[in-house]
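> quick one, structure for this:
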Amino acid sequence: MSLRELTSDFIYLPDGLVSGKSILMEEKSGEIIGIQDAGEQAEYFPGILCPGFINSHCHLELSHLKGKIPPRTGMAGFIQQLQSIRNETEIDPTDAANKAAELAFSKGVQAIGDISNSLVTSTLKRTTNSNLPLFYTFLEVFGLNSMQAPAVFEAGLEKMRQFPNEAVSLTWHAPYSMSPALMALLSQVSQKEAKVYSIHLLESQEELDLMEKRCGPMAELFRQWGFDPLPEWMGKQSVTDFVLAQLPKGLKMLWVHAVHVQGKDIAKLTDHSPESAFCLCPLANQYIHGTLPPADLLWHSGAKVVLGTDSLAGNAVMDIGEELKLLSESFPQIPTSALLSWATGNGAEFFGWQNLGRFTTGAKPGVLQIFPLQQGRIFNGSLIQRIR
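Got it, this is the predicted structure:
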């Protein structure tokens with residue numbers, strides 16, 4: 001057995017950032033043998049050593065649309081443009097998704113919670129390759145026509161069969177894109193399966209205006225699409241209350257984006273689903289809306305937070321390291337150790353990836369170096385490189 005001993009100014013462990021320690025790792029497999037006091041012969045890497053990242057929310061199947069939609073369109077503008085160009089084949093979607101996954105791994109991502117609306121990534125997720133992340137697929141369904149809900153649901157179940165069964169779940173898209181009838185069909189299945197689920201929630205002011213006031217750019221877009229009048233269930237309660245009325249209690253839910261989440265929403269969502277997590281994708285929020293999620297509010301609340309990148313259709317990069325830099329500089333009150341937990345262990349715990357996200361004996365989480373630091377914090381000038 002060939003061992004490597006790695007040390008740094010700081011090592012991120014489940015208990016936080018520590019100094020004076022080293023990681024003992026089996027070189028070929030990457031298995032962590034133990035954490036010990038740093039020896040004189042340990043390989044030194046300045047900055048921070050941390051486990052490989054978990055990208056808890058992205059859309060690999062949209063990678064071929066990089067640069068096609070300009071920034072700051074707002075939600076309605078983004079959805080409208082995405083629908084018009086989604087099936088463009090100037091760049092092969094499958095090839096673009098494969099390359100994006102390989103690039104994500106090279107930039108430190110050990111595993112991905114990936115959104116699928118199609119079968120573009122189904123072959124990729126059945127591929128065994130040491131240069132690819134581990135995948136979990138959220139296969140989304142959507143449709144506002146209640147009469148079509150059974151057919152949409154059955155089509156989703158058929159697509160599910162094309163993905164590895166143990167790593168896929170049929171899930172909700174967003175409160176504004178699904179009829180209560182369709183949401184109810186998903187709820188029936190989710191109550192029978194111990195899986196993880198996802199929903200885009202509280203992403204934009206336009207979403208709130210549509211769902212709570214029946215007005216704004218998204219309401220106008222829906223009317224252009226023929227929903228005039230708007231569905232009768234819109235405009236009757238808050239977005240959070242509407243969603244919680246449709247979802248069974250106790251599901252392991254990923255609340256994605258949460259740009260407009262408030263303290264009362266955090267309390268309701270966490271009480272309804274105690275094992276849930278809030279997934280932040282700040283660079284995508286900036287790209288589409290020019291906004292940031294209330295990361296400080298979520299940190300102070302004690303809620304579980306994970307990080308994602310969304311898609312290359314609505315983000316200039318798909319890089320968890322860049323998400324960390326933005327959060328670190330925008331929210332200096334959040335400790336670096338907390339931000340690293342969002343990028344590593346919290347995501348691994350949510351998905352049940354016991355061998356990822358933490359430097360613990362027997363795990364194979366990958367090893368990343370983050371350097372240099374600025375007053376002990378990650379900043380725009382920090383680099384992230386894969387050691388293992």
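> so who does the residue of the chain most remote from its centre touch?
Ranked by distance from the centre of the chain (Cα atoms, centre = their mean), the top residue is Glu40, with 39.4 Å. If you count contacts by Cβ atoms under 8 Å, 6 or more residues apart in numbering, Glu40 has none. The C-beta positions use only the backbone N, C-alpha and C, and glycine is treated the same way.
> can you give me the first-to-last residue distance of stretch 195-211?
End-to-end distance for stretch 195-211, by Cα to Cα, to the nearest Å: 28 Å.
> show the average pLDDT along that stretch.
For stretch 195-211, mean pLDDT rounds to 98.
> same question, stretch 316-333
For stretch 316-333, the per-residue pLDDT averages 98.
> alpha carbons of that stretch, in PDB - could you do that?
Only the C-alpha atoms of stretch 316-333 are listed here, as PDB (Å, rounded to 0.1, in the frame of the first residue of the first chain):
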ATOM      1  CA  ALA A 316     -21.200  32.000 -17.300                       C
ATOM      2  CA  VAL A 317     -19.500  29.100 -15.500                       C
ATOM      3  CA  MET A 318     -20.400  25.900 -13.800                       C
ATOM      4  CA  ASP A 319     -17.900  26.000 -11.000                       C
ATOM      5  CA  ILE A 320     -18.600  25.500  -7.200                       C
ATOM      6  CA  GLY A 321     -15.300  27.200  -6.500                       C
ATOM      7  CA  GLU A 322     -16.500  30.400  -8.100                       C
ATOM      8  CA  GLU A 323     -19.800  30.200  -6.100                       C
ATOM      9  CA  LEU A 324     -17.700  30.000  -2.900                       C
ATOM     10  CA  LYS A 325     -15.700  33.000  -3.900                       C
ATOM     11  CA  LEU A 326     -18.800  35.100  -4.500                       C
ATOM     12  CA  LEU A 327     -20.400  34.100  -1.200                       C
ATOM     13  CA  SER A 328     -17.200  34.600   0.800                       C
ATOM     14  CA  GLU A 329     -16.800  38.100  -0.500                       C
ATOM     15  CA  SER A 330     -20.500  39.100  -0.400                       C
ATOM     16  CA  PHE A 331     -21.100  37.700   3.100                       C
ATOM     17  CA  PRO A 332     -18.000  38.200   5.200                       C
ATOM     18  CA  GLN A 333     -19.900  37.400   8.300                       C
END
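> residues contacting the closest residue to Trp342 other than its chain neighbours?
Nearest residue to Trp342 in three dimensions, chain neighbours excluded: Val305, at 4.7 Å (Cβ to Cβ, 6 or more residues apart in numbering). Applying Cβ under 8 Å, 6+ apart, we find Val305 in contact with Ala277, Phe278, Cys279, Leu280, Ala295, Leu298, Trp299, Trp342, Asn346.
> is it true that the first one touches Asn346?
Looking back up the chat, that one is Ala277. Yes: with contact defined as Cβ atoms under 8 Å, Ala277 counts as touching Asn346 (6.5 Å).
> which one's more surrounded, these two?
Neighbour totals were compared for Ala277 and Asn346, and Ala277 leads with 27 against 22 (other Cβ atoms under 10 Å).
> the more buried one and Ala96, how far apart?
To Ala96, Ala277 is 28 Å away according to Cβ to Cβ, to the nearest Å.
> the stretch 101-250 of the chain: helices as residue ranges?
With DSSP state H, counting those that start in this stretch applied, the stretch 101-250 of the chain shows helices at 149-160, 180-190, 205-208, 217-224, 239-246, listed in chain order.
> ok, and which of these has the densest surroundings?
Comparing these by mean neighbour count (mean count of other Cβ atoms under 10 Å), helix 205-208 comes out on top with a mean of 20.
> other residues contacting it?
Here helix 205-208 makes contact (Cβ under 8 Å, 6+ apart) with 74-76, 174-176, 202, 216-218, 239, 260, 289.
> can I get the CA coordinates of that helix in PDB?
Output of helix 205-208 as PDB, limited to C-alpha atoms (Å, rounded to 0.1, in the frame of the first residue of the first chain):
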ATOM      1  CA  GLN A 205     -39.900  38.500  -7.500                       C
ATOM      2  CA  GLU A 206     -41.700  37.600 -10.800                       C
ATOM      3  CA  GLU A 207     -42.600  34.200  -9.400                       C
ATOM      4  CA  LEU A 208     -44.100  35.800  -6.300                       C
END
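> all strands for the stretch 201-350 of the chain, in order.
Taking DSSP state E, counting those that start in this stretch as the criterion, the stretch 201-350 of the chain contains strands spanning 252-257, 277-280, 305-307.
> which one of these is the most hemmed in?
strand 277-280 (a mean of 28).
> returning to that earlier point: pull out the buried residues from the contacts of helix 205-208.
Buried members of the contacts of helix 205-208, scored by 16 or more other Cβ atoms under 10 Å, are 74-76, 174-176, 202, 216-218, 239, 260, 289.
> returning to what we had before: of the contacts of Val305, which is the nearest to Ser382?
Among the contacts of Val305, Trp342 lies closest to Ser382 (Cβ to Cβ), at 15.9 Å.
> ok, the closest one - contacts?
Counting by Cβ under 8 Å, 6+ apart, Trp342 has contacts Leu280, Val305, Val306, Leu307, Leu327.
> can you pull the pLDDT of it?
With respect to pLDDT, Trp342 has a value of 98.
> got it, and Met75?
Met75 is given a pLDDT of 96.
> surely it and His200 touch.
No: the criterion here is Cβ under 8 Å, and Met75 misses it with His200 at 10.0 Å.
> wait, what's in contact with the residue nearest in space to the middle of the chain?
For the chain, the residue nearest the mean C-alpha position is His57 (2.1 Å; Cα atoms, centre = their mean). Listed by Cβ under 8 Å, 6+ apart, the contact partners of His57 are Gly113, Ile115, Ser198, Leu254, Val256, Cys279, Cys281, Val306, Gly308, Thr309, Asp310.
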